[in-house]
Every structure is written in C-alpha cells, then in structure tokens.
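*Asks:* Below is the structure, and that's it, no one-letter string:
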C-alpha cells in the first residue's frame, strides 16, 4: 500500500501542478485573448468562422441554446447515417456491415452526448471510417459543447446587466481548435511512444488463424481521455494492451482524464476575476476524490472473504478482473478517476470489483459527476451545487443568497433544481423498469443484489453521461438500446437547457457589492458546506437503491 499511496500522491501532485497553467491558457482562449498558438491557428479560426457565416455577434441565452442544440442534432444525425451505411463506405478492412437501427441510434446518441456508452465490441463492429470520422470526431465536438456551455454560464456570473453570453459557434470552434486538438496531438504522440497502435491496416492473423485487430487507436484514445469521453477502440477498452500497454501509459491516461476538468476551475477563477473561487471549487473536488480513492483502494486491497474460506490465496488482494500490469493500486485509481469524471474508460472489469469497491464508482457517477466531472459539464454541475449551498446558507441567516455578487432568487433555484434532480429521476425510473419489465429481465445474468447493481449502474452511467458499465448486463437489446439512449438525452440536454437559462438570468442581473452580511465563497467553511451539499443530495437520492444492491451484497459476503 505504500507504493499505492506514492502513486496516488504523484498523480494528484502532477495534476494540480499542470492544471494551473493550463487553466490560465483556457481562460485566455474563452475570453478571446491571444495565446502562443494564435499565429498558427488564428487564420484557421477565421477561415472556419467565415465558412460558417459567423460574424461573432453576441447571443442571448435562447439563441445560444438553439445553436448548441442544432450543432448536436446535426452531429448525431451524421453519426447515425454513417453507422447505418458503413458497409458501403471505404476504410473498412474488416468488411463490417451497417448497424441495426436501435444500436446505431444508441451509439449516435451516446457519442453526441459525451457518454460513449458501448453495447458492442469496437473491433468487431466498427470500420476504421466509423471509428475516426464518426466516433472520434464526436469525441471532440461533444467535449467542445460542454466547454461552450460552461463558458456561457461563467459569463453569466461575470457580466452585469447584459443579455449576451458570447457566441456559441465561436466558443465551439475555439474550444476545439485551441484546446482539444493541440492537447490530443501531443498526447497521441506520447501514447504511440508507449506502444499504442496507430495504423490504417486491418487485422493481422497468427499462424493458427487468430485475427488480431489493428487500427487508428492512439488518436482516438487521446481525445477519449482528454475529452472525458471514454469509448474504446477495442471492446476491452483501456484494459486492452493495444490501447493501454504499460503502467506509464495507464498513468498518463488517468492524468488526461482529469487534467482539463481541473484546469477549468482555474479558468473559472480567472474569468470571474477572483482566482480564490476556482481554488475553492478545486479543493472541494480534490477532497471528495481523495476520500473516494481511499475507500476503493482499501476495499480492493483486501482478499475476497468467500474465496479465502475455501483456501484460495490472495496475497495481492482482489485481483479478479484486473490486469497484472496495473495491479490493485493502478486499477483503483483508474476506476475512481474515470467515474469521478464523466469518462467511462476502464482498465479493469468493474463488474469484478468487490461490492464496496464497486459502490464507490457507482456513487461518484450518481453524484452527478461533479468530483472533477466531465470536461465543462463537471464544473457547471459543481456550480449548481454551489448555488444550493449559498441558498441554504442564506435561508439560515435570513438573507437573500448571493454568489459572486449575483442575487440567487426563485427562478435561478428552479433551474438549479431541474438540472440536479432530472438525471436521478431518470436513473430511478429506468432501473425500476429494468427489474420489472419482461423485455428487460433476460438481460440480467446475475440474480440478486449484484444483478440489481448492474441495472442501476447502467442507468446511472447513461443518465449522468459516464459510459462505463458493469459488464455482466447484456445491454445490446432493443429495450436497453432505446431506454438508455433516452436516459442519455435527458441527462445531457435536461441539464444543459436549465444551465443556459440560468446563465441568461444571471447575466441580466446587477453585481451587488460585498457587505458585512455577504457569505464568503472561497473559505474552508464554504468548501466544507459545498462538500456537504454534494454528499447530502447524493445520499438522500440514492441510498435506498444502493442498499438493495452493493450494500446488501457487501453484507452477504460476511
């Protein structure tokens, strides 16, 4: 365990060190300032905006929302058409046919919403063209969408008596061109140096006739991690040696998952002209993450008591479903990072985690993925909880709550409530249908608490746009393809719409000067309050369902 904690400390230390300069850079990009990349990329930006007919005019929140929805709708339709017709398109060395309608729709929704839920084996289902032009492109665009929504919300806090939230098209182009593309290029080269495959060749065959799939893997892995997407080129995802061959490549991939979400906290502080606010949010995320990691690592380092009773030696702890090259420490850290963010990439089988070890990733997803969270979406989700925190604090002292000088009134709290409560409602209703309807029950191969956890995890992952799964559930059925697609759509856009409405309302407000009764939102007290709100909402919403699944299974081990 000493090695495990050294790895965790090195990981968190490097993450926090790198996040500060990257956050400053991102803040400059979102505010339209020049950076070191502008001499090379500014002409490309101007050409793209000119091609799109965009002049860069300010948009009020309804126009901004309309642009975001149109952009995502067109992207989703393009992916759906590509997947249906891939059998007739080039770059298909494996001669993959078109996908069934329900699977194509589920996959198009999944990658458009940044969920990257996969009910198929990538190497046996997708052509190279579908992997690159369909899925990898959406990895960029879905991440850019969330960054644009976050930029609009931050401008709502920073501006006074303004209707404009920026220009959605400009934000999408800049997020992709200046942030996601350069980072992905650098990271892809680092992955290739570790042995991650990058080729247009088809499968190679051994002397015995076994086919070993190849393809443009490194380029997709880079953006799937940096964009907190998570969809794997191979069915085994980051446990596959061609996607994640070494402990160093695994460490770099874990770092990439949380790098931009952590950096965005610093960008937020810069944009609202108070860097302490960004540090406060980052502190709350980090402390919650450390607690989750400690619990997961502790649970997985212990032997399975049922195996111990029959004399099976387990000197390394619970190694079921884990890669030997990563071990328990590397697996626990990866599982915590990927579910704290809305990434969903995995370097082990989450279905094989111990009940308590599996509970933590599931619970991190159910919190709304705000412990760092997805690119953009994690921070605007945490800001919603911050507004709940100042609202509760205001009620306690009988004062209209304020955050960053903006009074938080009835409309703002309605939007916050919708955004926070809609995904859990979808999770709980979907899980109930999954364990009751005859069309869903055959998909559950493990009866009892573990099977219930598999269904709960699936809907939690979909509605919160994570994408990881408990592998024991057969989700490639019409029931799950349609219902999980619906959950992904509601989880993504049921949050984006109220967030943008909230941004528009905040932008129109005056900034109230701080006074003796103003609640400081950068202090350790507020960090503790924010953490308490996140934990309390998660506990009240999901504790009964967790008691039926992983908690009951954990107790049964004894």
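*Replies:* Everything's here; your move. Note that the coordinates shown come from a computational prediction; the quantities given were computed from them, not determined experimentally.
*Asks:* Give me the nearest residue to residue 57, chain neighbours excluded.
*Replies:* The spatial neighbour of residue 57 that comes closest, neighbours along the chain excluded (Cβ to Cβ, 6 or more residues apart in numbering), is residue 167 at 6.3 Å. Using the backbone N, CA and C atoms, a C-beta is placed for each residue, glycine as well.
*Asks:* quick one: which helix or strand includes the nearest residue to residue 448 once chain neighbours are set aside?
*Replies:* Distance criterion Cβ to Cβ, 6+ apart; nearest residue to residue 448, sequence neighbours excluded, is residue 553 at 7.6 Å. Residue 553 is located in helix 552-557, with elements delineated by DSSP states H and E.
*Asks:* what about the helices in the stretch 201-350 of the chain?
*Replies:* With DSSP state H, counting those that start in this stretch as the criterion, the stretch 201-350 of the chain has helices at 217-226, 247-271, 275-300, 305-309, 327-340.
*Asks:* Tell me how far the last one lies from the chain's centre.
*Replies:* Yep, that's helix 327-340 we're talking about. 15 Å (Cα atoms, centre = their mean, to the nearest Å).
*Asks:* Tell me the spacing between residue 268 and residue 167.
*Replies:* From residue 268 across to residue 167, the span is 19 Å (Cβ to Cβ, to the nearest Å).
*Asks:* now do residue 132
*Replies:* Here the criterion is Cβ to Cβ. By it, residue 132 lies 29 Å from residue 167.
*Asks:* same deal with residue 397?
*Replies:* Between residue 397 and residue 167 the computed distance is 39 Å (Cβ to Cβ).
*Asks:* for residue 503, same thing?
*Replies:* Taking Cβ to Cβ as the measure, residue 503 and residue 167 are separated by 14 Å.
*Asks:* Of all residues in the protein, which one is nearest the centre?
*Replies:* residue 342 (1.5 Å; Cα atoms, centre = their mean).
*Asks:* Next up, identify which helix or strand residue 369 is on.
*Replies:* Using DSSP H and E, residue 369 maps to neither a helix nor a strand.
*Asks:* about what we covered before: when residue 268 and residue 167 are compared, which one has more neighbours?
*Replies:* Comparing residue 268 with residue 167 by other Cβ atoms under 10 Å, the one with more neighbours is residue 268, at 30 against 23.
*Asks:* Look at the residue lying closest to that one once chain neighbours are set aside and say how many residues are nearby.
*Replies:* With Cβ to Cβ, 6+ apart as the criterion, residue 268 has its nearest non-adjacent residue at 4.8 Å, and that residue is residue 278. The number of residues packed around residue 278, counting by other Cβ under 10 Å, is 26.
*Asks:* just checking, residue 278 touches residue 261?
*Replies:* No: in terms of Cβ atoms under 8 Å, residue 278 does not count as a neighbour of residue 261; the distance is 12.0 Å.
*Asks:* Mind listing what's buried along the strand or helix carrying residue 111?
*Replies:* Element membership of residue 111, judged by DSSP H and E, is helix 101-112. Counting neighbours by 16 or more other Cβ atoms under 10 Å, one finds that the buried residues in helix 101-112 are 102, 103, 104, 105, 106, 107, 108, 109, 110, 111, 112.
*Asks:* returning to that earlier point: lowest average pLDDT across the helices of the stretch 201-350 of the chain?
*Replies:* The minimum mean pLDDT among those belongs to helix 305-309 (a mean of 79).
*Asks:* List the contacts of that one.
*Replies:* Surrounding helix 305-309, the residues in contact under the criterion Cβ atoms under 8 Å, 6 or more residues apart in numbering are 314, 557, 558.
*Asks:* Now with 6 Å, please.
*Replies:* Applying Cβ atoms under 6 Å, 6 or more residues apart in numbering, the contact partners of helix 305-309 are residue 557.
*Asks:* same thing with stretch 439-449?
*Replies:* Counting by Cβ under 6 Å, 6+ apart, stretch 439-449 makes contact with 434, 451, 472, 473, 474, 477, 479, 549, 552, 553, all of which sit outside it.
*Asks:* Quick check: the two most widely separated of those?
*Replies:* Across the contacts of stretch 439-449, the two members that end up farthest from each other (Cβ to Cβ) are 477 and 552, 25.7 Å apart.
*Asks:* Surely residue 91 is in contact with residue 128?
*Replies:* Yes: using Cβ atoms under 6 Å, residue 91 is in contact with residue 128, at 4.2 Å.
*Asks:* out of those two, which sits in the busier spot?
*Replies:* Here residue 91 and residue 128 are set side by side on neighbour count (other Cβ under 10 Å), and the busier one is residue 128, at 23 against 16.
*Asks:* Which helix or which strand is home to residue 429?
*Replies:* Assigning secondary structure by DSSP H and E places residue 429 in helix 410-436.
*Asks:* Check residue 522 too.
*Replies:* For residue 522, there is no host helix or strand (DSSP H and E).
*Asks:* for residue 35, phi and psi?
*Replies:* Recorded main-chain torsions at residue 35 are phi -130, psi -180, according to degrees, to the nearest 10.
*Asks:* So what's the residue count around residue 320?
*Replies:* For residue 320, the tally of surrounding residues (other Cβ under 10 Å) stands at 15.
*Asks:* repeat for residue 161
*Replies:* Once other Cβ under 10 Å is used to define contacts, residue 161 is seen to have 9 neighbours.
*Asks:* and it, what does it touch?
*Replies:* Shown here is residue 161, whose contacts under the criterion Cβ under 6 Å, 6+ apart are residue 510.
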